[in-house]
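Student: the amino acid sequence is not available; the structure is as follows:
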């Protein structure tokens, strides 16, 4: 498979997360540590859409036109036309959320997401408290799926809809069997990785995994077999998303570090297999707003 970078869409950031392509063809992304949510319309310069928001690891588009952004304190909905921000979720089990990292639509109007203790990891340099992997349906009902997650990263549904994949950094890729209610049941650790971060699925049912520590892009089969490993010269590869208009284009976010700062950005990689895009949400609270 050809894995050539064919375009750099954004560069000069600290640690870029959550690349997503909007229905209009704009590429959205965040700077996890530098702060902010950004938009890159085709053929135009990068625009700041949400100034200064920290720790945004997930972006999902809602059918109302709002853009869900995770980050410090939980999840907010941004109106891209007015800049207005509405809180979607800021507590779980009656406790304030430190941060929400990755999110992904469930195909039924809700989403899956995970909390993460970035206060400990990034602010204090300590071991984090366990995170929660959870589901929120379109009506706002919360189901806690796990309470023992180090860091929830990439989330994706298989093309057949039978499995939910979940990247837990420090352990690897989990595969959960989906039940008739659209929630995951029993899970297995499909592919151990110490540094798995974002992931995306292609039309053949294979997974593409961004590995942040090794700075590699790995393709694995639906059974967990490693099919290829690719390098692009960045210290960290962080998150992935396929282009809805050009499904053979995979957007990869990159990150810098203290030794190689300001290497966060978005690159585009050509594939000879088509990829799958995440589903939008359709939250009642936003439709009624």
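Tutor: Good, I have the coordinates. None of the values given here were measured: they were computed from a predicted structure. Numbering: from 1, shown residues only.

Student: in the stretch 151-289 of the chain, which spans are strands?
Tutor: Using DSSP state E, counting those that start in this stretch, the strands of the stretch 151-289 of the chain run over residues 152-157, 163-168, 172-178, 184-192, 196-201, 207-211, 216-220, 226-231, 236-242, 249-255, 264-270.

Student: make TSV out of those strands and add mean pLDDT.
Tutor: Below are the strands of the stretch 151-289 of the chain laid out as TSV (pLDDT from 0 to 100):
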stretch	mean pLDDT
strand 152-157	97
strand 163-168	98
strand 172-178	97
strand 184-192	95
strand 196-201	97
strand 207-211	98
strand 216-220	97
strand 226-231	95
strand 236-242	98
strand 249-255	97
strand 264-270	97
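
Student: for residue 25, find the nearest of those strands.
Tutor: Closest approach to residue 25 among the strands of the stretch 151-289 of the chain (C-beta to C-beta): strand 249-255, 11.4 Å. (Glycine included, C-beta is placed from N, CA and C.)

Student: by contact count, what packs against that closest one?
Tutor: Applying 3 or more C-beta pairs under 8 Å, 6 or more residues apart in numbering; DSSP states H and E, one finds that strand 249-255 contacts strand 16-21, strand 207-211, strand 236-242, strand 264-270.

Student: again, only using 6 Å
Tutor: strand 16-21, strand 236-242, strand 264-270 (3 or more C-beta pairs under 6 Å, 6 or more residues apart in numbering; DSSP states H and E).

Student: select, out of these, the one closest to residue 111.
Tutor: strand 16-21 (12.5 Å).

Student: mean confidence (pLDDT) on the closest one, please.
Tutor: Strand 16-21 shows a mean pLDDT of 98.

Student: quick check: can you name the pairing partners of that strand and their directions?
Tutor: strand 27-31 (antiparallel) (DSSP bridges).

Student: OK, contacts around the closest residue to residue 233 other than its chain neighbours?
Tutor: Distance criterion C-beta to C-beta, 6 or more residues apart in numbering; nearest residue to residue 233, sequence neighbours excluded, is residue 215 at 7.9 Å. Going by C-beta atoms under 6 Å, 6 or more residues apart in numbering, residue 215 touches 234, 235, 236, 237.

Student: what about the helices and strands packed on strand 249-255, which gets the closest to residue 170?
Tutor: It is, among those and with distance given as C-beta to C-beta, strand 236-242, at 15.3 Å.

Student: just confirm residue 176 contacts residue 183, I think it does.
Tutor: No. Under the criterion of C-beta atoms under 6 Å, residue 176 makes no contact with residue 183, lying 8.8 Å away.

Student: looking at the two, which is more packed in?
Tutor: residue 176 (21 against 17; other C-beta atoms under 10 Å).
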